[in-house]
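Peer 1: fold the following, please.
(chains A and B)
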Amino acid sequence: MSSGARRTRSTARDIERYASLFAQRTKVMKSSAMRDLMALTERPDVISLAGGLPDTSTFPPDSYASLMGTVAAQSCARALQYGPTEGLALVKRCIVEVMAAEGIEIDADELLVTTGGQQVIDLVCKTLVDPGDVVVTEAPTYPGAVPTFSTYQADVVQVTMDRDGMRVDELEAILDGLARSGRVPKFIYTVPNFHNPAGVTMSLERRCEVVRIAGERELLVLEDNPYGLLRYEGTPLPTLRSLDGGEFVIYASTFSKILSPGVRLGWTAAPAPVMQKMNIGKQASDLCSSSISQYFVGAYFESGPWEQYVRSLIEIYRRRRDVMLDALAEQFPREAEWTHPQGGLFVWATLPDYIDTTDLLARALEEHVAFVPGRAAFVDGRGGSSMRLNFSGVGEEDIREGIRRIGEIVREQVALYGTLTGAPAGGAQAAGASGRQQPAETDNGDVPAAAAELARIVPLSAKRTQAG
Amino acid sequence: MLKGGHSLERQVSLKSGARVQDALERLGHDVIAIDVGSDLVAQLTTSRPEIAFVALHGRDGEDGTVQELLDVLGIPYTGSGVSACMRAADKVLAKHAMRDRGIPTPDFYAFNETAFKELGAAQALPAIEARLEFPIVVKPARQGSALGIKFAASAADVPGALVAAFSYDRKVLLERHVTGRELAVSIIDEHGRPRTLPIVEAVPEQEDFYDFEARYEIGRTRFVCPADLVPPLAARANGIAADVYALFGCSGFARVDLMLESAGNELYVLELNPIPGLTETSLLPQAADAAGISFDQLIGAILAAVVT
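Peer 2: Model prediction:
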């Protein structure tokens, strides 16, 4: 770019001018200290347990080549062309198979193909959420959903979880409270299987309760299930969708973790009127998802049993999970707690409440290790002592070493706090110290002693910024 | 042009660096942008620049480390030299130097982690808290951009605040909190002499102090430049800032952050930044703009001040 073509300088006036141009919804789109810290986590010399990346290194390159060759030979012009907004029939057949493996019977015409599961969250918000509308989520919730809720200026309220998932008693109390002030949530967002980031799975009993509540109060539930097939132990539980029959449950899933995130393909099945709106919303966003990707997935399913790759991933991830859990038991002090995920990609660890995991991350980066600070998964300032640890993205040696490094600095901080307060190291127990609810239990069955913290409604709408 | 690096302010530095690079190119210079890493010396040796524009913030970039390296390689560079950077970047050293010289800075105590681990300093906390009075600001000695700064409203908050600050540095400082207005005096060398630019006041929209979020997000902070101060007060602030600049032996440019205490109208120096931000929301460019100096002219002046 020649120097003459450069844009003019920014001045204080320009800054103010841009500030007044930005839509209200961007004012809650925070660029955070955490995001800048997070940018440092992906340096090559850092053992990053912070990513959410599946392992794509074992997908055979010659399979990839051969599949693309098949697409080129059989469908070149169509793969290069626009497709219908709702997605191509050939990939919908694949989706029907995947959903069958999850115990859901679905027709191809009940499906909308999307650009990743992420787009489903966006479309549901686009369809349902006006600024100030309430969305109920778990506490913690999928960090990637928070910016989406912000963009649509939702008021988010988070319901705590325990080892069985979302606390349904708290959910009902919250819904009653909202009803008293004349408010009804537009939808409840849940990740029932191997929750990102909490690692826990919603029990069958809770699933039935959630479906019952949805039916009684006529509330929509967005069931986000990217990891359902990545199960390492235990028995698969029926999806909310299959318990509800599709009346109030909007189901979302994706090829990202069972095939490839790079293809950017997910899907949703929802009650028909909602589907129609989402279809229009998608058309306005990107016209259609990638035809090339859809043909690739179609060819992949044609070429052999797709479950085989999933099984191979399960083997790899199970071993990595076990390495992480063993390392945690060895390296983390007894004040720490963590979840035992039966599948998925993440462990959620909670430290004593005098440790802030955002600050801890700064310390951890000095030791070339990284994790996701828990605050990223909350909108209301909770989560400051928790962290999300990913075991799918790095090998077993790195997992072991990474946990060792984190454990060392955690023990260092626990000891320092003990010195500062005159208490013996380890005097402060994690649960109950401040009355703050732990999001999940340890695998030895301890029940968090703390009383549930009252859930707050956190407005992500512009009203909050003006009130300040 | 040196930018990026591995400090916690890397992203800020990349933004500063990008703006600086644009300006340098508009000024007609050939620019080689280097995101500093382990191959820095190799890259500098190969490219043999005439001048290095240092747009690094935080550890290794602003504390004399990279400056020392450039001295060894014989490459002239922008901004302050090694000793000025060292004195300024370590808030504890800086405050001691200011206090010894009679330059007003909030009362403080500073400790290494070892003081707590080995010398039982925790037992001195009540005495410290009594002297400084609450709220107490707990900060790492060597970390910029408000990362790691915590407020302790009561004694119960102090241990957690110390643990947090020690996440960023082995040395921390506990400082009396000054309630009042946040002022920034920017200084650039012009024809060999330091010139203070119009004072910028930073008024965060929401946060009750100028934290990391407000600092770098457009629309989150209101900037008033020139700050609304009676001329004698502005002159005093400028005078104090110039004294600090001279005390540390700075050159090229810098920014001094002060607090104007509401009760009593006293000025206190918080710190001097030897490489202040040059991003879209940074204060030095805004101050320059208020003085009629464009960003390009500012960069040109910083370059001109380099002693080759």
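Peer 1: would you confirm that A:Tyr417 contacts A:Asp353?
Peer 2: No: with contact defined as CB atoms under 8 Å, A:Tyr417 and A:Asp353 do not form a contacting pair (10.3 Å). Any C-beta I mention is one placed from the backbone N, CA and C, and that applies to glycine too.
Peer 1: more neighbours: which of those two?
Peer 2: Between A:Tyr417 and A:Asp353, A:Tyr417 has the larger neighbour count (other CB atoms under 10 Å in any protein chain shown), namely 24 against 21.
Peer 1: how close does the more buried one sit to B:His57?
Peer 2: 30 Å (CB to CB, to the nearest Å).
Peer 1: the residue nearest the centre of chain B pairs with what?
Peer 2: By CA atoms, centre = their mean, chain B has its centre lying nearest to B:Asn273, at 2.3 Å. When assigned by DSSP bridges, B:Asn273 has beta-bridge partners B:Arg255.
Peer 1: tell me the contacts of it?
Peer 2: By CB atoms under 8 Å, 6 or more residues apart in numbering or on different chains, B:Asn273 lies in contact with B:62, B:88, B:144, B:254-257.
Peer 1: please report the distance of it from B:Asp63.
Peer 2: From B:Asn273 to B:Asp63 the distance is 11 Å (CB to CB).
Peer 1: any stretches of the stretch 151-300 of chain B with poor pLDDT?
Peer 2: B:206-221 (pLDDT under 70).
Peer 1: again, 50 this time
Peer 2: For the stretch 151-300 of chain B, the stretches with pLDDT under 50 are B:213-214.
Peer 1: show me where it has its strands.
Peer 2: Remark: strands assigned in the stretch 151-300 of chain B by DSSP state E, counting those that start in this stretch are B:171-176, B:180-190, B:193-196, B:200-204, B:221-224, B:253-261, B:267-273.
Peer 1: the longest one vs strand B:253-261, what angle?
Peer 2: In this case it means strand B:180-190. 160 degrees (axes from the mean of the first three to the mean of the last three CA atoms, to 10 degrees).
Peer 1: mind listing what strand B:180-190 pairs with, with the direction of each?
Peer 2: Partner strands for strand B:180-190, per DSSP bridges, with pairing direction: strand B:193-196 (antiparallel), strand B:200-204 (antiparallel), strand B:253-261 (antiparallel).
Peer 1: tell me the spacing between A:Gln118 and chain B.
Peer 2: Distance, A:Gln118 to chain B, by CB to the nearest CB, to the nearest Å: 23 Å.
Peer 1: can you tell me the SS state at that residue?
Peer 2: Using DSSP: H, G, I helix; E, B strand; the rest coil, the structure places A:Gln118 in helix.
Peer 1: measure how buried the residue lying closest to it once chain neighbours are set aside is and give me the count.
Peer 2: Of all residues beyond its chain neighbours, the one nearest A:Gln118 is A:Gly144 (6.3 Å), with distances taken as CB to CB, 6 or more residues apart in numbering or on different chains. For A:Gly144, the neighbour count with other CB under 10 Å is 16.
Peer 1: same deal with B:Ser186?
Peer 2: Neighbour tally, B:Ser186, other CB under 10 Å: 28.
Peer 1: kindly report the same for the one 10 residues further on.
Peer 2: When neighbours are counted by other CB under 10 Å, B:Thr196 registers 21.
Peer 1: now B:Asp30
Peer 2: So B:Asp30, with other CB under 10 Å, has 9 neighbours.
Peer 1: distance to A:Pro238 added to the strands of the stretch 151-300 of chain B, as JSON lines?
Peer 2: Below are those laid out as JSON lines (distance: least, CB to CB, whole Å):
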{"stretch": "strand B:171-176", "distance to A:Pro238": "53"}
{"stretch": "strand B:180-190", "distance to A:Pro238": "57"}
{"stretch": "strand B:193-196", "distance to A:Pro238": "71"}
{"stretch": "strand B:200-204", "distance to A:Pro238": "50"}
{"stretch": "strand B:221-224", "distance to A:Pro238": "51"}
{"stretch": "strand B:253-261", "distance to A:Pro238": "59"}
{"stretch": "strand B:267-273", "distance to A:Pro238": "59"}
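Peer 1: B:Ala288 is in contact with B:Leu298, correct?
Peer 2: Yes: with contacts counted by CB under 8 Å, B:Leu298 reaches B:Ala288, the gap being 4.4 Å.
Peer 1: so what sits against both of the two?
Peer 2: What both B:Leu298 and B:Ala288 touch, as defined by CB under 8 Å, 6+ apart, is the set B:Ile188.
Peer 1: which residue packs closest to A:Glu223, ignoring adjacent ones?
Peer 2: A:Leu240 (4.4 Å).
Peer 1: scratch that, B:Ile275
Peer 2: Using CB to CB, 6+ apart and skipping the chain neighbours, the partner closest in space to B:Ile275 is B:Glu62 (4.6 Å).
Peer 1: number of residues surrounding that neighbour?
Peer 2: The tally of other residues near B:Glu62 (other CB under 10 Å) stands at 28.
Peer 1: ok, now which ones touch it?
Peer 2: Per CB under 8 Å, 6+ apart, neighbours of B:Glu62: B:56, B:85, B:89, B:144, B:273-275.
Peer 1: I'm done for today, thanks for sticking with me.
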